[in-house]
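just coords:
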């Protein structure tokens, strides 16, 4: 599985045709970082440069709240998951600052955006989000066990 992050926020069109890869962006209000659209795909994408994602990955909303799309000729079914209120999703990029490939830039990480939800995709059938929800629930359990007193 691979996570694909688009540094663009979704734009909701008509009731049954929202696109999770629209071409607008919005600030999250904290530090000017963009809200990002995140898709968890059941495949590997080796390309990591800029592209017109919304030209190639068009998403159709279904009446049951799921999504349908096609990628490399295969039908994908998707479901959107919200992160728990205590969890912030961050898009992190390596080698920021234009260090020209030096070891210092290879150890530099920058936050390029954030997200509060993501779409999980599966081939041909709606994804079973139970395992991912278990991972998200584990973060809450871990916080309770280890006593995160920041709240």
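That came through fine. This structure is a prediction, so every number in the text was calculated from the model and none was measured.

Tell me where the chain has strands.
2-6, 9-11, 19-24, 34-35, 37-41, 60-61, 67-71, 74-82, 89-94, 109-115, 117-123 (DSSP state E).

Would you tell me which of these gets closest to residue 147?
strand 89-94 (23.0 Å; Cβ to Cβ). C-betas here are computed from N, CA, C, even on glycine.

Let me have the strands of the chain in CSV, adding mean neighbour count, mean pLDDT and distance to residue 139 as columns.
As requested, the strands of the chain are exported to CSV (neighbours: other Cβ atoms under 10 Å; pLDDT from 0 to 100; distance: least, Cβ to Cβ, whole Å):
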stretch, mean neighbour count, mean pLDDT, distance to residue 139
strand 2-6, 17, 48, 17
strand 9-11, 19, 34, 24
strand 19-24, 18, 29, 24
strand 34-35, 20, 81, 20
strand 37-41, 22, 87, 16
strand 60-61, 17, 94, 28
strand 67-71, 18, 93, 25
strand 74-82, 16, 92, 13
strand 89-94, 14, 86, 11
strand 109-115, 16, 89, 15
strand 117-123, 20, 92, 14
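
would you turn those strands into CSV with distance to residue 133?
Converted to CSV, the strands of the chain look like this (distance: least, Cβ to Cβ, whole Å):
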stretch, distance to residue 133
strand 2-6, 16
strand 9-11, 21
strand 19-24, 19
strand 34-35, 22
strand 37-41, 13
strand 60-61, 21
strand 67-71, 17
strand 74-82, 7
strand 89-94, 15
strand 109-115, 16
strand 117-123, 10
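
Of these, which is nearest residue 140?
Closest among the strands of the chain, using Cβ to Cβ: strand 74-82, at 13.4 Å.

what's the burial count for the closest residue to residue 77 other than its chain neighbours?
Computed as Cβ to Cβ, 6 or more residues apart in numbering, the closest residue to residue 77 that is not its neighbour in sequence is residue 126, at 4.6 Å. By the criterion of other Cβ atoms under 10 Å, residue 126 has 17 neighbours.

mind checking pLDDT for residue 14?
We have a pLDDT of 25 for residue 14.
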